[in-house]
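**Q** Got a predicted structure plus its sequence, pasted below:
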Amino acid sequence: LFYALSQIDCVVSGDIGCYSLGVFPPYERLDTILCMGAGITVAQGMDKAGFRDKPLIGIVGDSTFFHAGMTGLLEISYNKGISTIIIVDNRATAMTGLQDHPGTGRTLMKKRTHTAYPEDFARACGIKNIRVIDPLDFGQTLRVLKEEIRKKAASVIISRRACILIEKPKKGPWTIDPDRCTQCGRCLKVGCPAIYKEKANEKVILIDEVLCTGCGFCAQACPKGAIVPKG
Ligand code: SF4
Ligand code: SF4
């Protein structure tokens, strides 16, 4: 998601969550970080203040959305805002220890209960443009982002993919084929901690098999098809 955002000229307001790390290189794709829920309300505030230089995107995690983001979304809808709100729905409160929240389908005492979905709430607020994307599908993510920021009405994009701490990866690691790799460095911009430069020769780029979860995302960024499943 942040790799796609880094390719769009826009203003992104965020708040506190694991996605706050998007402020750092290689993405550098958060322009504001404030209190929980402020990714939504800062986007709306800039919209109502008349900022029109670039598209306005607000970003919020699923647990933060249920905790402090829903009122901001209603405010956008009710007052006819035009920003694009991304709800990063990893079905977890990942940053603080995987506490359950209304989107996990379990109470804080771990009893089964109904699951809340942000798209249902967005619809109830009157938002007409609602999209659900898989952030591991780079083409879809970039296309939907570009489509929604063009609209002169509020949009909600739900970026849904369970945190790997909840759904353990089932696939093996990927590797870089040295015969195909041109050392262009594009895969480093994906921001995956498993991809690194070899210490002895920084031109050589490698994948750490221990850290790689086998998601295959970096392969979509490689123009040479050099990133392949290992074995
Ligand atoms: S396959 Fe996924 S986890 Fe592995 S290096 Fe590529 S982006 Fe990182
Ligand atoms: S993007 Fe592909 S060609 Fe470029 S450095 Fe990475 S693996 Fe090599």
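**A** On my side now, so go ahead. None of these values were measured; they are calculated from a predicted model. Ligands and ions are numbered 1, 2, ... in the order given.
**Q** which residues of this protein fall in strands?
**A** 11-14, 32-33, 56-61, 84-89, 129-133, 155-160, 174-176, 195-197, 205-207, 227-229 (DSSP state E).
**Q** Distance to ligand 2 added to those strands, as CSV?
**A** Placement of C-beta: from N, CA and C, glycine included. Listed next are the strands of the chain as CSV, based on distance: least, CB to the nearest ligand atom, whole Å:
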stretch, distance to ligand 2
strand 11-14, 24
strand 32-33, 29
strand 56-61, 26
strand 84-89, 25
strand 129-133, 23
strand 155-160, 23
strand 174-176, 5
strand 195-197, 8
strand 205-207, 5
strand 227-229, 5
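**Q** Present those strands as JSON lines; the columns should include mean neighbour count, mean pLDDT and distance to ligand 1.
**A** Below are the strands of the chain laid out as JSON lines (neighbours: other CB atoms under 10 Å; pLDDT from 0 to 100; distance: least, CB to the nearest ligand atom, whole Å):
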{"stretch": "strand 11-14", "mean neighbour count": "25", "mean pLDDT": "98", "distance to ligand 1": "21"}
{"stretch": "strand 32-33", "mean neighbour count": "18", "mean pLDDT": "96", "distance to ligand 1": "24"}
{"stretch": "strand 56-61", "mean neighbour count": "29", "mean pLDDT": "97", "distance to ligand 1": "20"}
{"stretch": "strand 84-89", "mean neighbour count": "28", "mean pLDDT": "98", "distance to ligand 1": "17"}
{"stretch": "strand 129-133", "mean neighbour count": "18", "mean pLDDT": "98", "distance to ligand 1": "17"}
{"stretch": "strand 155-160", "mean neighbour count": "24", "mean pLDDT": "98", "distance to ligand 1": "16"}
{"stretch": "strand 174-176", "mean neighbour count": "20", "mean pLDDT": "97", "distance to ligand 1": "4"}
{"stretch": "strand 195-197", "mean neighbour count": "17", "mean pLDDT": "97", "distance to ligand 1": "5"}
{"stretch": "strand 205-207", "mean neighbour count": "18", "mean pLDDT": "97", "distance to ligand 1": "5"}
{"stretch": "strand 227-229", "mean neighbour count": "16", "mean pLDDT": "97", "distance to ligand 1": "6"}
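**Q** Pull stretch 70-81 out as CSV, backbone CA atoms only.
**A** Once non-C-alpha atoms are left out, stretch 70-81 reads as follows in CSV (Å, rounded to 0.1, in the frame of the first residue of the first chain):
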residue,chain,number,x,y,z
MET,A,70,-15.9,6.4,12.8
THR,A,71,-17.0,9.9,13.9
GLY,A,72,-14.5,11.5,11.5
LEU,A,73,-15.8,9.5,8.6
LEU,A,74,-19.4,10.5,9.4
GLU,A,75,-18.3,14.1,9.5
ILE,A,76,-16.8,13.8,6.0
SER,A,77,-19.9,12.2,4.6
TYR,A,78,-22.3,14.6,6.3
ASN,A,79,-20.4,17.7,5.4
LYS,A,80,-19.8,16.6,1.8
GLY,A,81,-16.0,16.2,2.0
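**Q** how far does that stretch sit from the chain's center?
**A** Mean-position distance between stretch 70-81 and its chain equals 21 Å (CA atoms, centre = their mean, to the nearest Å).
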